[in-house]
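**Q** what shape does this take:
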Amino acid sequence: MTNGWTSPSGDDGRAPTPQYGQPGPPQWGPGAPPYPGGFAPPMSPKPGVIPLRPLTLSDIFEGSIATIRGNPGATIGFALILGLIVTVPVAAAMVVVAQIPTTSQGVGVGLTVLVAYGGKFIWAFGDLLLTGMLMVVLSEAVLGRRMAIGAAWARFRPRFWALIGLTLLITLAVALSILLLVLLIVLIYATLGSTAAIIVGVLAGIGWFLTLAFSFIRLSLAAPALVLERIGPIPACKRSWALSRHQFWRILGISLLAAVVVGFIGGILSAVITFGTEAIAMTATSGTAVLTTTLLVSTVAGTLISALTAPFQAHVTGLLYLDQRIRKEALDVTLIAAADPKASVSR
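**A** Residues are numbered from 1 along each chain as shown. The predicted structure follows:
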């Protein structure tokens, strides 16, 4: 048996057979009915970073931190590699833009800011990719097992392109929604004038933002489902939508609280780095050079900060997925059997 939390079937479609005396892998298909009344039995086992029962807020946060502490190479390492993939092209683009001769300094400043915030936009969708990558580490941590970055990558690699497809699918959907919103405003402006376009634009923008936020929460469990259940991007979106049904406010609240924690820690680290950034920027000779230097240092520093904080947010999302599987499909019974094949739980 490989040192990992495998799916119900191997690449050839046959169920893997655990070695004698070794726990078998959990089955990721639909589970048994939930506990009557939604209550778990007392004395829930805890072979790894979380107790195997419906999770509380403290369970989720403590489990996220414990996973990072137990697997720093695989968690922070994954985040750092992904951060470098995003940051290096953005930093190079900033340097190139700074060398472009322009007739107006404002044009150079505008291009530099555009490149910087374009990188931040890419990072937002990189978080989705990171969540899926770290699920293989989290899936082992809940059973009390650790993973090196090499083993984690070997487990995740077969799902890499499917996760890229999911990321592109969601990115395309967001881009299409923005395009439709802009076309609507332009159409209103062309037919009814600027006043109507402003009114419709504000109302449509608010509706677009609320719809986007609602959809992001309902689809936030898609990456864990895609990686662990070995399904495609569209089935993963449907799976997330089903698991998050009647759980929108719980998932939203915990996700927002995790974002606040990450933002607070990141803000402290950023404040420390800012002093050094300002000292470096003061050596530049022009306004564009000052801005370029500041944004360049901030982008690199932001990558390091994200490598330390992003795994926490990703693990919170992963544990929310496991929590919904436990609540709705009795996944804890499967996990208990995977951790200890002699254990049994009666529903």
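
**Q** C-alpha only now, for contacts and for neighbours.
**A** Will do.

**Q** what ranges does the protein have for its helices?
**A** Using DSSP state H, the helices found in the chain span residues 57-70, 72-99, 105-141, 149-156, 160-192, 194-218, 222-229, 233-243, 248-281, 287-329, 331-339.

**Q** burial count for the closest residue in space to Ala259 that isn't next to it in sequence?
**A** Spatial nearest neighbour of Ala259, chain neighbours left out: Gln313 (6.8 Å); criterion: CA to CA, 6 or more residues apart in numbering. Counted with other CA atoms under 10 Å, residues neighbouring Gln313 total 24.

**Q** likewise for Thr211?
**A** Using other CA under 10 Å: Thr211 sits among 11 other residues.

**Q** same check, this time on Gly232
**A** Number of residues near Gly232 (other CA under 10 Å) recorded here: 19.

**Q** what about Ala190, neighbour count?
**A** 12.

**Q** from Leu304, how far out is it?
**A** 46 Å (CA to CA, to the nearest Å).

**Q** got TSV for the helices of the chain, with distance to Gly48 and mean pLDDT too?
**A** Shown next, in TSV, are the helices of the chain (distance: least, CA to CA, whole Å; pLDDT from 0 to 100):
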stretch	distance to Gly48	mean pLDDT
helix 57-70	9	95
helix 72-99	16	78
helix 105-141	6	73
helix 149-156	17	90
helix 160-192	26	91
helix 194-218	27	92
helix 222-229	18	94
helix 233-243	23	96
helix 248-281	21	82
helix 287-329	13	81
helix 331-339	9	85
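
**Q** ranking these by burial, who's on top?
**A** Mean neighbour count (mean count of other CA atoms under 10 Å) peaks for helix 222-229 among the helices of the chain, with a mean of 26.

**Q** for that one, name the packing helices and strands.
**A** Packed against helix 222-229 by the contact rule (3 or more CA pairs under 8 Å, 6 or more residues apart in numbering; DSSP states H and E) you find helix 105-141, helix 160-192, helix 233-243, helix 287-329.

**Q** including distance to Ala79, could these go into CSV?
**A** CSV is the format used below for those (distance: least, CA to CA, whole Å):
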stretch, distance to Ala79
helix 105-141, 7
helix 160-192, 15
helix 233-243, 22
helix 287-329, 5
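
**Q** residues making contact with stretch 70-81?
**A** 68, 130, 133-134, 137, 141, 146-150, 152, 303-304, 306-308, 310-311 (CA atoms under 8 Å, 6 or more residues apart in numbering).

**Q** show me the contacts for the nearest residue to Gly132 once chain neighbours are set aside.
**A** Among residues not flanking Gly132 along the chain, Ala223 sits closest, at 4.9 Å (CA to CA, 6+ apart). Contact analysis of Ala223 by CA under 8 Å, 6+ apart lists Leu128, Leu129, Thr131, Gly132, Leu163, Leu166, Ala236.

**Q** hey, C-alpha coordinates of stretch 220-239 in CSV?
**A** What follows is stretch 220-239, C-alpha atoms only, in CSV (Å, rounded to 0.1, in the frame of the first residue of the first chain):
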residue,chain,number,x,y,z
SER,A,220,-15.7,26.7,-2.8
LEU,A,221,-15.8,22.9,-2.1
ALA,A,222,-15.2,22.0,-5.8
ALA,A,223,-11.4,21.8,-5.6
PRO,A,224,-11.4,19.3,-2.7
ALA,A,225,-14.1,17.2,-4.4
LEU,A,226,-12.2,17.2,-7.7
VAL,A,227,-8.9,16.0,-6.1
LEU,A,228,-10.2,13.5,-3.6
GLU,A,229,-13.2,12.1,-5.5
ARG,A,230,-11.3,12.0,-8.8
ILE,A,231,-14.1,13.7,-10.8
GLY,A,232,-14.0,16.3,-13.5
PRO,A,233,-14.4,20.1,-13.2
ILE,A,234,-18.1,20.3,-14.0
PRO,A,235,-19.1,17.3,-11.8
ALA,A,236,-16.9,18.9,-9.0
CYS,A,237,-18.9,22.1,-9.3
LYS,A,238,-22.1,20.2,-9.1
ARG,A,239,-20.8,18.2,-6.1
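
**Q** look up phi and psi at Val49.
**A** Backbone torsions of Val49, given as degrees, to the nearest 10, read phi -80, psi -10.

**Q** right, and it touches Leu143 too?
**A** Yes. Using CA atoms under 8 Å, Val49 makes contact with Leu143 at a distance of 7.5 Å.

**Q** find residues that contact each of the two.
**A** Counting by CA under 8 Å, 6+ apart, nothing touches both Val49 and Leu143.

**Q** got TSV for the contacts of Ala223, with distance to Ser177 too?
**A** Shown next, in TSV, are the contacts of Ala223 (distance: CA to CA, whole Å):
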residue	distance to Ser177
Leu128	19
Leu129	21
Thr131	24
Gly132	24
Leu163	21
Leu166	17
Ala236	21
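
**Q** picking up where we left off before, nearest to Pro45, of the helices of the chain?
**A** helix 331-339 (7.4 Å; CA to CA).

**Q** packing partners for the closest one?
**A** helix 287-329.

**Q** now for the helix it packs on, which elements pack on it?
**A** Using 3+ CA pairs under 8 Å, 6+ apart, helix 287-329 is in contact with helix 57-70, helix 72-99, helix 105-141, helix 222-229, helix 233-243, helix 248-281, helix 331-339.
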